Structures are given as C-alpha cells and as structure tokens.
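# What shape does this take:
(one chain, ligands or ions: 2)
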Amino acid sequence: MTERIEGHGGELALAALRAYGVREMFTLSGGHVFPLYDAAHKTDFPIYDVRHEQSAVFAAEAVAKLQRRPGLAVLTAGPGVTNGISGLTSAFFNASPVLVLGGRAPQFRWGSGSLQEMDHLPLVAPVTKHAETVFSADDIPRAVAAALTTALTPHRGPVFLDFPLEAVFSVGDAELPAGPQLSPLEADPDEVARAAALIAGAARPVIIAGSDVWTGEAVDELRAAAEALTVPVFTNGMGRGALPPEHPLAFAKARRVALSNADVVVVIGTPLDFRLSFGDFGEAQVVHIVDAPSQRAGHVQPAAAPAGDLRGILAALAEHAGDRVDHDDWVAQLRTAEDAAKARDAEEMAAETDPIRPARIYGELRKVLARDAVTIGDGGDFVSYAGRYLEPAQPGTWLDPGPYGCLGTGMGYAMGARVTHPDRQVCVLMGDGAAGFSLMDVESLARQKLPVVIVVGNNGIWGLEKHPMRAMYGYDVAADLQPELRYDQVVGALGGAGETVAKAAELGPALQRAFDAGVPYLVNVLTDPADAYPRSSNLA
Ligand SMILES: Cc1ncc(C[n+]2csc(CCOP(=O)(O)OP(=O)(O)O)c2C)c(N)n1
Ligand SMILES: [Mg+2]
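Ligands and ions are numbered 1, 2, ... in the order given. Predicted coordinates for the structure are as follows:
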C-alpha cells in the first residue's frame, strides 16, 4: 500500500528524507531554502546551523561516516552551494553518502538576473554521483529517493539536488517513497575463490583494510576471514579499530616490515592510492577487494580483484576450504617488529621535553580517552602524529579527512560526531593552521550546546609545508603563523573555554578539565616548531 503525501516542496522533501533515515539537517540560512526549515520546524526535525557552509557539509559527512546512513546539508543558492564544494569533494573521495539540497533562483525568470542565479550542476557534477535540478514540488519525493538510493549504493558517495524557488515554495503531492531497498551486489565466486586460494597459499600475506569495510558493515566478516586464514591486519581510515588493538592479528606499527616482506598484499575496501604506494608492493602480488567494479584500480594489475558486497566476499574467504600454508612464524616475526616499535613509541610518548613534542600530547591523551571516544584529525604534522600514536579501539571512531586531505573539517566533523554520540568523548586534534578554517564554528557548537574537546598542536607554522619547503629549497615562504597565538581565548570569546599549556607536566590535568568542561574547550599546546614528522614522501 502506498501512502500519498501533500504539502509544499519542503514538506515533501522532508517526508522522503525521513523515509531514508535522515534525522537532522546541517545548514546556514538563506531565503531560497526556507520551506525546508518550515517543514523541519513544524515537525521537530532537528536543525543545526553553522557559520560557514563547509562546516554544514562536513557535519553531514561525519554523520554519514559514523552512522552509515545519509547525512544532510541544506545550502542556500549560489554562494551557499559554492562554499560547500570542498565538503562535497571530500565526501566524494571518502565515498560518504551525503545529500546536499541546494536552493536555486526561480526557473520562471531564469536568465533575467535573479539574485544568486547560477546553475550549480556543472560545478557539483564532477564531485557527486548524481546531480539534478527538480523543477516541480510533485517531483521532489521521487528525486530525493532516487538520489539517496544512489548515495547508498556501493560504491557510495555524495549526491546533489537543487530546487528552483517556485518548486520548493509551491504545494504539490506525491507518493511517499518506501525507503532504501538495496540488493547487495554478489561478487564473481570464481574471483573470490582465486583470492582465497592466493591468500591461503601465500607464505607471508598481509591485509590492509579501509573505510569501506566499516561502511559496508563487514567488520565481523573481516575479523572472521583474518582469523580463519591467519593473516595480519593493518587498517586505515574508518577501518581503524576494526580489530581491537589487543587482537593477535591487529598490527599498526610494523607496516614497513610487513609490506617489504609480504608475498601477497590484500587491500580491502580502500583504493590503491598514494597512501598505499599506488599499489606497488615490490615483488608481492596484490589482491584488491572492492565494493563495486568501478573501484578496481586502472593503474595496477592485481592477481585477483573481487568486486561486490564486502560482507559476502569476506565471509567466503573465511570459509575457504582449500589448502593453506601456516602463517604463524610470519605473524610472530611481525609481532616482534610491532612490539619493538611500540616500545620506541612509548618512550616518545612519555618524553619530558621543553618545548613539548606532539608525541607527549598523545601519550597524555591516551590516558584520558575512553575506548569509544571519537577522535578527529584536522591538520598537518600534528595529525600525522595522531595517526601514529593513537590507536582507535573500535571501528567508526576515527575521522580523518581521507585522501582528499582537505584542511577545515574540524568543527564540522565535531558537530556531526557530537550529534551522533551525545554521550561519548569527542576530541578534535588540530594544527594551528587548520584551526583558522573552522574555529568560528565553535560559536555554533557552544550556542547549540554541543561540547567537544579541541587539542591544538600550536607550533606557530604550517609545519607540514614549512619543513619540506626548507628541505627542498633551503628556505621557506608563506609557511609561518603567529607564534603562541591564544586560540583558547578565541574559543573563550565564542562561548567555550580553554587554556594554554607550555609544560608537559600540565598536559594531563588540562585534558581532564577539557573533558569535564561541558562546553567546547580548547587546550592550546605550545609545541616545538623544530619538530618535523618524519616521512619518506613529503608532499601533501
Ligand atoms: C584546504 C587546504 N589547504 C592547504 C592544504 C595544504 N596543507 C596540508 S598540511 C598543511 C599545513 C597544516 O598546518 P597545521 O594545521 O598548523 O599543522 P602542522 O603541520 O603545523 O602540524 C597545509 C597548508 C590542504 N591540505 N588543505
Ligand atoms: Mg602548525
């Protein structure tokens, strides 16, 4: 039985959005989208507003990433939409099911020069899975349903709709969409069997599991497959924490040893991009397991590349019944390397230096972070250190910007995380440079009672650029920031609180105060500008 709905365009949109599990909107006001607000206001549908549209889209993306359901940003016509484009692009790179609904100048006088009259579609089309203008109110529920189905179908990603003024303000009626009906794509069983045989027959296999394992709800199957075939597991992106750190097959530090000695590298749910040396692991054969055929790499010839529902593929790997080589010695060899690296890290995380080094900040943070804390990285070197020293204990708790590497996700991601998990710790790790992109949105967080902790690694420089530029040219330009700036006072002025920390011994108590504060709280840690994150390839 189908249900009919009627109302203005905003009401029709919202009815369809609810059917797809959308539970809030992130926005910044503009008259073109008032009907969406009206519909939300009348039905107690939460509206969170921000000070820059990029934060609205990043917040929607955090919801999508953390909850594995669509996140919604509503942006007004023209500059509202263009300000959201970095967020849309990040969602595109991260395969996050984000829907951006845009206002749009009226169609009936298109070409006459209405305020903010521009066609958004050519701008957003390259960074969305689907972009469409919906010309009548009656058509809005269908368009919302189609867009969200596209967003949620692996390989997931953002979608965009805009509504001309007269379409969203006028009254219409339509059928209420039924909600998502997705049928998993089954991978070619022969390809899966080939992958299983390669892994089981390898002497030194390694798994690297990424975000799609989390988003595709295949975490349990990943663990089952790794355990059944005894394969060490490394993770990146939202895959971090897929195996708890204490699991005998969970590895983080021994990556170099693992990848330079492996004979089969199994990359699951993440692209063979710069983060994985473009899929070039020397002599090792590559098995690339992806959630859709479109994700098979064009620049690498994997030995096997099953494409389809990750849960099904990984469950099949776990059930592999053929011959298998014993990997126990290999796992033990990596464990030795892992333990040695951990011991080195532990020393760095305890080091009493003046000025403070980032490692110590993470050493102190680890003592106060709960297992289910959400940690968010927005910055350069400071965040590279976070990736190294923080070990997420659960999947779906680590938000990095992903391969698009866009600075400025911080406050938007924090808002989405706080809305998702009202009772958990939410902690943003921010470079002082990164802070400049979104710190004004502390006001949005404070006003809407969304407390988060922000730890700034304040080295007074764009560190990830300054050090490489010096290495390359012997000098640097455009890489300095005001040293020892009081970002904590900025947050204080915006309705939060904070403090500056210059001595390592003061870090622990400051972090404790931050998590107890109940308002956005910034711990401004003055760190050593001479400290550069050691990396082999330096451009980011
Ligand atoms: C929007 C955007 N602009 C510029 C860059 C280039 N970039 C990458 S890291 C970085 C430096 C970040 O500095 P900061 O946040 O202070 O962190 P630090 O490296 O000093 O720890 C810059 C400018 C980027 N990734 N994204
Ligand atoms: Mg910096």
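
# From start to finish, how long is stretch 422-429 in a straight line?
Length of stretch 422-429, first residue to last, CA to CA, to the nearest Å: 19 Å.

# and that stretch, how far out from the chain's middle?
Centre-to-centre, stretch 422-429 and its host chain are 15 Å apart (CA atoms, centre = their mean, to the nearest Å).

# Please spell out which residues along it are buried.
425-429 (16 or more other CB atoms under 10 Å). Backbone N, C-alpha and C define where each C-beta goes, glycine included.

# helix or strand for residue 408, which one?
Following DSSP states H and E, there is no helix or strand that holds residue 408.

# Report the contact partners of it.
When the contact criterion is CB atoms under 8 Å, 6 or more residues apart in numbering, the partners of residue 408 are 54, 58, 86, 378, 434, 437-438.

# switch to 6 Å and redo it
Contact analysis of residue 408 by CB atoms under 6 Å, 6 or more residues apart in numbering lists 54, 437-438.

# Look up the closest residue to it, ignoring the ones flanking it.
Ranked by CB to CB, 6 or more residues apart in numbering and with sequence neighbours excluded, the top spatial neighbour of residue 408 is residue 437, at 3.1 Å.

# Ok, residue 221 next?
residue 314 (3.6 Å).

# does ligand 1 sit close to the strand or helix carrying the residue nearest to residue 408?
Assessed by DSSP H and E, residue 437 sits inside helix 432-438. Yes - using CB under 6 Å from any ligand atom, helix 432-438 reaches ligand 1 at 432-434.

# Please work out the average pLDDT along that helix.
Mean pLDDT, computed over helix 432-438, is 98.

# Please save the CA atoms from that helix in CSV.
Coordinates of each C-alpha in helix 432-438 appear next as CSV, following Å, rounded to 0.1, in the frame of the first residue of the first chain:
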residue,chain,number,x,y,z
ASP,A,432,47.1,25.7,14.5
GLY,A,433,47.0,26.4,10.8
ALA,A,434,44.0,24.1,10.4
ALA,A,435,42.3,25.9,13.2
GLY,A,436,41.9,29.0,11.0
PHE,A,437,39.5,27.3,8.7
SER,A,438,36.7,26.4,11.1
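
# hmm, back to that, how much space separates the residue nearest to residue 221 from residue 187?
Residue 314 sits 10 Å away from residue 187, going by CB to CB, to the nearest Å.

# of these two, who's got more company?
Shown here are residue 314 and residue 187; by other CB atoms under 10 Å, residue 314 has more neighbours (29 against 22).

# Mind listing residues that contact the one helix or strand the more buried one maps to?
Residue 314 is part of helix 310-318, with elements assigned from DSSP H and E. When contacts are defined by CB under 6 Å, 6+ apart, helix 310-318 is touched by residues 186-187, 192, 196, 216, 218, 221-222, 224-225, 228, 269, 289, 291, 306.

# Past it, which element shows up next along the chain?
helix 328-350.

# list the helices and strands whichever helix or strand comes after that following helix packs on?
For helix 328-350, the succeeding helix or strand toward the C-terminus, using DSSP H and E, is helix 358-368. Here helix 358-368 touches helix 328-350, helix 381-389, helix 507-516, going by 3 or more CB pairs under 6 Å, 6 or more residues apart in numbering; DSSP states H and E.

# Tell me, what's the model's pLDDT at residue 323?
85.

# and it, what are its phi and psi?
Dihedral pair for residue 323: phi -60, psi 150, per degrees, to the nearest 10.

# so who does it touch?
Counted by CB under 6 Å, 6+ apart, residue 323 has zero contacts.

# if I look at it, how far off is ligand 2?
From residue 323 across to ligand 2, the span is 52 Å (CB to the ion, to the nearest Å).

# which strand residues sit across from the spatially most central residue of the chain in the sheet?
Closest residue to the average C-alpha location of the chain: residue 399 at 4.6 Å, with CA atoms, centre = their mean. With beta bridges defined as DSSP bridges, residue 399 has these partners: residue 376.

# Am I right that it is in contact with residue 413?
Yes - Residue 399 lies in contact with residue 413 (CB atoms under 6 Å); the separation is 5.0 Å.

# list residues touching both of these two?
Joint contacts of residue 399 and residue 413 (CB under 6 Å, 6+ apart) are residue 376.

# then the helix holding residue 314 to CSV, C-alphas only?
Output in CSV follows, covering the C-alpha atoms of helix 310-318 (Å, rounded to 0.1, in the frame of the first residue of the first chain):
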residue,chain,number,x,y,z
LEU,A,310,32.3,-6.9,1.1
ARG,A,311,30.4,-8.9,3.7
GLY,A,312,29.8,-11.7,1.2
ILE,A,313,33.3,-11.7,-0.1
LEU,A,314,34.9,-11.7,3.3
ALA,A,315,32.5,-14.4,4.6
ALA,A,316,33.5,-16.5,1.6
LEU,A,317,37.2,-16.0,2.4
ALA,A,318,36.6,-17.1,6.0
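
# Quick one: mean pLDDT for that helix?
Helix 310-318 comes out with an average pLDDT of 98.

# tell me which residues in it are buried?
Buried-residue list, helix 310-318, by 16+ other CB under 10 Å: 310-318.

# Just put these in JSON lines and tack on distance to ligand 1.
Listed next are the buried residues of helix 310-318 as JSON lines, based on distance: CB to the nearest ligand atom, whole Å:
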{"residue": "310", "distance to ligand 1": "29"}
{"residue": "311", "distance to ligand 1": "33"}
{"residue": "312", "distance to ligand 1": "36"}
{"residue": "313", "distance to ligand 1": "33"}
{"residue": "314", "distance to ligand 1": "33"}
{"residue": "315", "distance to ligand 1": "38"}
{"residue": "316", "distance to ligand 1": "39"}
{"residue": "317", "distance to ligand 1": "36"}
{"residue": "318", "distance to ligand 1": "38"}
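
# Quick one: those as TSV, columns for distance to residue 297 too.
Output for the buried residues of helix 310-318, formatted as TSV (distance: CB to CB, whole Å):
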residue	distance to residue 297
310	16
311	22
312	21
313	17
314	19
315	24
316	21
317	20
318	25
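
# which among the residues you listed gets closest to residue 479?
Closest approach between these and residue 479, by CB to CB: residue 310, at 40.9 Å.

# now the closest one: how far from residue 241?
17 Å.
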